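Participant: 3D, please:
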Amino acid sequence: MIPETRTTILRLAKTLFGPAEWPHIESSLETCLPAHTQTLFVDGELCAFVIVNRTENGNAFFSYCGVSPAHQGKGYGSKLLKMAIHSIFQVDYPAIQLYVDDWNKDARRLYERLGFKQVGVAYVAGSDCALMELRRLSKIEDNCVLKASA
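Facilitator: Below is the predicted model of the structure:
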């Protein structure tokens, strides 16, 4: 990942997440899968990002996702996550996992619309969270799902 992109993601992330999360975001960026970590710019400004890492069991993991407040509710988060899902499932990852805070109902609805299912619960960074997962389908099914949800 080029340093400018990393710096731009960190700048937006620091407006979306509290200071306790900043070292974790930086660590996630250092170990991310650059080919699958996605950014979305509108009029030259970063409006959304997703940092993708790999889990110990070989799944892709959405470590951090964010959309700038000025761009929320306009479909950018959905578009970005679809791009990341498509990129990840072009490679042989069996699933994508993520944690979503229980209080973040809008994010959870977005993940469910994209096909994620809750597979567990956890307590992460001081919050109760759902562990959600999207299993990889066959390549033909992946393409149909992505085209249908576009």
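Participant: please look at residue 62 and residue 50 and confirm they touch.
Facilitator: Yes. The pair residue 62 / residue 50 is scored as a contact, 5.6 Å apart, by C-beta atoms under 8 Å. In this view, the C-beta of every residue, glycine as well, is placed from N, C-alpha and C.
Participant: what do these two both touch?
Facilitator: Residues touching both residue 62 and residue 50 comprise 81, 84, with contact defined as C-beta atoms under 8 Å, 6 or more residues apart in numbering.
Participant: the strands in this structure, which residues?
Facilitator: If you assign secondary structure with DSSP state E, the strands in the chain sit at 38-42, 45-54, 60-67, 95-101, 117-124, 127-135.
Participant: what's the longest one in contact with?
Facilitator: The set of residues external to strand 45-54 that reach it, using C-beta under 8 Å, 6+ apart, is 8-9, 11-13, 25, 28-29, 31-33, 36-41, 60-68, 70-71, 76-77, 79-81, 84, 88, 93.
Participant: list the strands paired with that strand, with their directions.
Facilitator: As defined by DSSP bridges, the strand partners of strand 45-54 come to strand 38-42 (antiparallel), strand 60-67 (antiparallel).
Participant: looking at those strands, which is closest to residue 21?
Facilitator: Distances from residue 21 to each of the strands paired with strand 45-54 were compared by C-beta to C-beta, and the smallest falls on strand 60-67, at 7.9 Å.
Participant: pLDDT value on the residue nearest to residue 70 when sequence neighbours are not counted, please?
Facilitator: Residue nearest to residue 70 in three dimensions, not counting chain neighbours: residue 47, with 7.4 Å by C-beta to C-beta, 6 or more residues apart in numbering. pLDDT, residue 47: 95.
Participant: likewise the one 5 residues further on?
Facilitator: At residue 52 the predicted local confidence, pLDDT, stands at 96.
Participant: also residue 142?
Facilitator: Confidence at residue 142, expressed as pLDDT, is 52.
Participant: for residue 150, same thing?
Facilitator: On pLDDT, residue 150 comes in at 58.
Participant: do residue 18 as well
Facilitator: Reading off the per-residue confidence, residue 18 sits at a pLDDT of 89.
Participant: that one - how many residues pack around it?
Facilitator: Per other C-beta atoms under 10 Å, the neighbour tally for residue 18 reads 9.
Participant: look up phi and psi at it.
Facilitator: For residue 18, the backbone dihedrals (degrees, to the nearest 10) come out as phi -70, psi 160.
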